[in-house]
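>>> coordinates only, no sequence provided:
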C-alpha cells in the first residue's frame, strides 16, 4: 500500500495548459499542423553570442560546481547592468544566480515566509507564485484585479486586504498573463506602503526589457529592502538554460547563501558562463531587434483580437501576452481552448492557469510566434468562432 | 528596518567547509599552493563523449524548455540502464529528471513529508538531507552510527527510534561522508521494515557506480514503493551540469509532476542532452577506468592515514571519501582543519559538516585529487601533526 502525498500538494495547482500541450503533441504526431500560442517561450533561438560563449566553455571541459551564489563575474556583470540601464548601485553580494526565476522565487520565499504568513498577489497572476507560498505552508491571498487598475495591485487594494497575518506583497510588472505594467510612481508608493506595514516586497521583473513604451522601472530604484526576481529566460532568450537571479536585502544575504547551498548546490555552470555574454553590446543589439519584432506582433495581435470581438480594455505594454476576455464567445474558456485546439489546431492558454477571478472568461494568447503564423492562427480562430454556436 | 529571516532558516545549517574554501581561495590568491581534499568533486573533467553531446546540442541553437519531468529520451535511457545494470524494469514514467540530486531530494521530500513528520537518518550523513526536512517543516531525527554498523542505520536502530511521528527513513549507500555500504540483504530487510511501519523509504544512490568491491544494489530491486535519488554528478563526472534523477512510487507521479513544474519548470536542457551520452559504451569504458583510479587512490590514502595514526575502522567500499577519526591529534576537528590549511595549505572537511555525533573527532578526506597530489598533501599533514602540540 502506498502512502498519501503531502498535504501541501493539494494546495499546489498543476499547469492546466499541459493537458492541452499533451493533446497538441498527439495531434502533431498524427500529422496535424498546430500553431502554438500557449507557451511563454519565444520562437527565437538563443542569441548566437550566448550560444558561442556556452560552446567555448564546454570546449574547456571544466564544467565544475560554481559557488552557490553563482559565478562572481556574472554577479558583477548584473550589478554593472543595473548601473548602466537603471543608474543604480547594487552590490554583487546581494545578487544570487539561480536556476531560473523559479529558483529565485524559491529562495526569496524560503528565506522570508513562515507557515501561516499571508502573501498578497494579483488574480490573475503567474500561477507558481501562489504555489511557492503553499510549498512553504504560507497562504497566497489572491486579490481580484481588472482593467480599472491595469490588472495590478494598488495601494487601496493592499490596504483593504492587509490583515494581521499579512507579511508580504508580490507584484509583477510587466505582468504575466496581462502584459500590463505599474507606473514608476505607483511602484514607489506601494513599496513605501509595504515597508511601512513592516512587510516584505517581492518584485517579479522577469519581463523587464520586453516593454513597448516606457521602460520598466526596477523596484531597486526605490528601496534596498526589496526582493527582486529576474531571469535570463525571456528578454535574453535563454529559456532552456535555466538561469536567473535574485537580489535580496542585505539582511537576507546569509540566509539566502545557506538556502542556495542546500537546495541547489549551484546553478548550471555552463549556463552561467553562457550568460556572461548576455550583456555584450552585440547581444543587446540583437535583443533590441527582437523587442521591436515583439512590439509589431503585439500591435498586430491586439488589433485582430479586438476586431474579432475579444475584449482587451488595456493594451499590454510589455511581456509577450494578451489576456483577452472571451465572454462574447464562451463562459468556459478551458473548453473553448480545448475545442479550438481540436477543431483548428490553435493552442492557447485558458484563464484558469492564472487564478480564479473571471478566469473562465479569459484566454491568454502568447505572441511568441511569427506574424505569418499568427495570421493563419487568427483566420482559424475566426472560422472557429463563426462555426461554433454561442 | 529589515524583517527577520524565516524561522526554518535557523534549522538549516550552512556548509561549514565553505569558510575553509573561502580562506583557501584567499591563500591561493596570495600565491600559496593549496591541495584540495575537501570538496566532493572529482578532478576528472566531464567525459569527452558527454562534452561533445553538449556542444552538438548547443550548436543546434535550440535550447528550449523540456517537459518538467525531463527529456523523454533521457528518462528512457535511465530505464534501460536499470534493466542492463540491475536487471530490473522501471517504467520511464516514474523517472523524473532533476537539477542534480538536490532537485531530486527537494521533490521527494516535498511530495511526501508533512510539517512535524520525523525523518530518520544516520549521523554522520550528507548535511542537506536534514536541511531539506527542515525546509518543509519536517524533523530530521539523526541517529548516531559508528563502525559497529558500518556507519549505516540498521533494523534495530530504526525500530529503537521509530515513534508515532516517524514517517520515513533515508539511507545512503555508498554513504557520504563514510564511503560505507549497506549489504543488499540488509537493505531489503530495512525496506520491508519501513514499508511494514507504513513509512516512506528514500534511497540516496548518488555514489552508485563508484564502488570498489561488490556493486551497490538499488532499492528498486526490492520494492517499487521507494524513492530513489540519483545523479549524473559523481559517477558520470557531471558535477557542474546540475542534472540528476528521482524515481518515485507510482502513487506519487502526479504530485511530483506538479511540484516539478512549479519549482523548476524543467532541468537545464543542454545538460539533459549531454547526459544522453552518459550511457554510451565509450563513456562507460572511460568511467570504469576512472573507477579503477579511484580505487587505487582509496587504497593509497587509507593506508597512509592509518599509518599516520588516524583511525578508520571500516575501509570504505565506495564514493571517494575517507571519514577518519582524528581524536589522537585533536578534540576539535574544525580547528584542526583550519590550522592545517593555514600551516600547510591542505584543505579537508571537518566532521561537523555531517552531523554532531563524534563530529569533533572526525575529518573527511576526499580522494578527488591525484595520488601525486595526495603524496604531497600527506607529507604536509604528517609534518603538521608532528609540529603541532596535542
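Right, received. Where do you want to start? None of these values were measured; they are calculated from a predicted model.
>>> test my guess that residue A:57 contacts residue A:275.
No: Residue A:57 is beyond contact range of residue A:275, at 10.5 Å (criterion: CB atoms under 8 Å). All C-beta atoms are positioned from the backbone trio N, CA, C, and that covers glycine.
>>> who's more crowded, these two?
Comparing residue A:57 with residue A:275 by other CB atoms under 10 Å in any protein chain shown, the one with more neighbours is residue A:275, at 28 against 23.
>>> whatever helix or strand that one lives in and chain B in contact?
According to DSSP states H and E, residue A:275 maps onto helix A:269-275. Yes: judged by CB under 8 Å from any CB of the partner chain, helix A:269-275 comes into contact with chain B at A:269-271.
>>> now that helix: buried residues?
Applying a neighbour-count criterion of 16 or more other CB atoms under 10 Å in any protein chain shown, the buried positions in helix A:269-275 are A:269-275.
>>> ok so, going back, and the residues of helix A:269-275 next to chain B, which is closest to chain B?
Nearest to chain B among these is residue A:269, at 3.3 Å by CB to the nearest CB.
>>> my guess is that closest one meets residue A:63, correct?
Yes: with contact defined as CB under 8 Å, residue A:269 and residue A:63 form a contacting pair (5.2 Å).
>>> where do the contact lists of the two overlap?
Common neighbours of residue A:269 and residue A:63 (criterion: CB atoms under 8 Å, 6 or more residues apart in numbering or on different chains): A:57, B:240-241.
>>> in JSON lines: those residues, plus distance to residue B:105 and pLDDT.
Output for these, formatted as JSON lines (distance: CB to CB, whole Å; pLDDT from 0 to 100):
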{"residue": "A:57", "distance to residue B:105": "27", "pLDDT": "98"}
{"residue": "B:240", "distance to residue B:105": "18", "pLDDT": "97"}
{"residue": "B:241", "distance to residue B:105": "17", "pLDDT": "98"}
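>>> next step: those restricted to helices.
residue A:57 (DSSP state H).
>>> including distance to residue A:339, could the shared contacts of residue A:269 and residue A:63 go into TSV?
Listed next are the shared contacts of residue A:269 and residue A:63 as TSV, based on distance: CB to CB, whole Å:
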residue	distance to residue A:339
A:57	46
B:240	46
B:241	42
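>>> is chain B within reach of stretch A:207-225?
Yes: interface with chain B: stretch A:207-225 contributes residue A:225 (CB under 8 Å from any CB).
>>> now the stretch 251-390 of chain A, which segments are flagged as low pLDDT?
Low-confidence segments of the stretch 251-390 of chain A (pLDDT under 70): A:389-390.
>>> tell me where chain A has helices.
In order along the chain, chain A carries the following helices (DSSP H): A:17-29, A:48-60, A:72-86, A:100-112, A:127-135, A:155-161, A:184-196, A:253-264, A:269-275, A:281-308, A:333-344, A:371-387.
>>> out of those, which gets nearest to residue B:193?
With CB to CB, the closest approach to residue B:193 among the helices of chain A belongs to helix A:253-264: 28.6 Å.
>>> before we move on, back to that, tell me the one of the shared contacts of residue A:269 and residue A:63 nearest residue A:100?
residue B:241 (15.3 Å).
>>> please tell me how far that closest one sits from residue B:68.
Distance of residue B:241 to residue B:68, given as CB to CB, to the nearest Å: 18 Å.
>>> go on, residue A:310?
For residue A:310, the distance to residue B:68 (CB to CB) stands at 30 Å.
>>> dihedrals phi and psi, the closest residue to residue A:258 other than its chain neighbours?
Excluding the flanking residues, the one nearest residue A:258 by CB to CB, 6 or more residues apart in numbering or on different chains is residue B:14, at 4.6 Å. Note on residue B:14: backbone dihedrals following degrees, to the nearest 10 are phi -80, psi 170.
>>> for residue B:14, what are its contacts?
By CB under 8 Å, 6+ apart, the contact set of residue B:14 is A:257-258, A:261.
>>> make JSON lines from those residues and add neighbour count to it.
Formatted as JSON lines, these follow (neighbours: other CB atoms under 10 Å in any protein chain shown):
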{"residue": "A:257", "neighbour count": "21"}
{"residue": "A:258", "neighbour count": "21"}
{"residue": "A:261", "neighbour count": "22"}
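>>> pop the domain breakdown of chain A in here.
If you go by automatic domain parsing, the domain ranges for chain A are A:7-45+A:283-387, A:48-278.
>>> and the first one, end to end?
End-to-end span of domain A:7-45+A:283-387 (CA to CA, to the nearest Å): 44 Å.
>>> do the longest one as well
When the termini of domain A:48-278 are compared using CA to CA, they are 10 Å apart.
>>> now that domain: how far from the chain's centre is it?
Computed by CA atoms, centre = their mean, to the nearest Å, the chain-centroid distance of domain A:48-278 equals 10 Å.
>>> swap in stretch A:285-301?
18 Å.
>>> show me what counts as buried in it.
A:286-287, A:290, A:293-295, A:297-298, A:301.
>>> residue A:298 is in contact with residue A:371, correct?
No: the pair residue A:371 / residue A:298 is not scored as a contact, 10.4 Å apart, by CB under 8 Å.
>>> who in the stretch 151-300 of chain A is up against chain B?
Counting by CB under 8 Å from any CB, the stretch 151-300 of chain A sits next to chain B at A:167, A:198-200, A:225, A:238-242, A:249-252, A:255, A:257-259, A:261-271.
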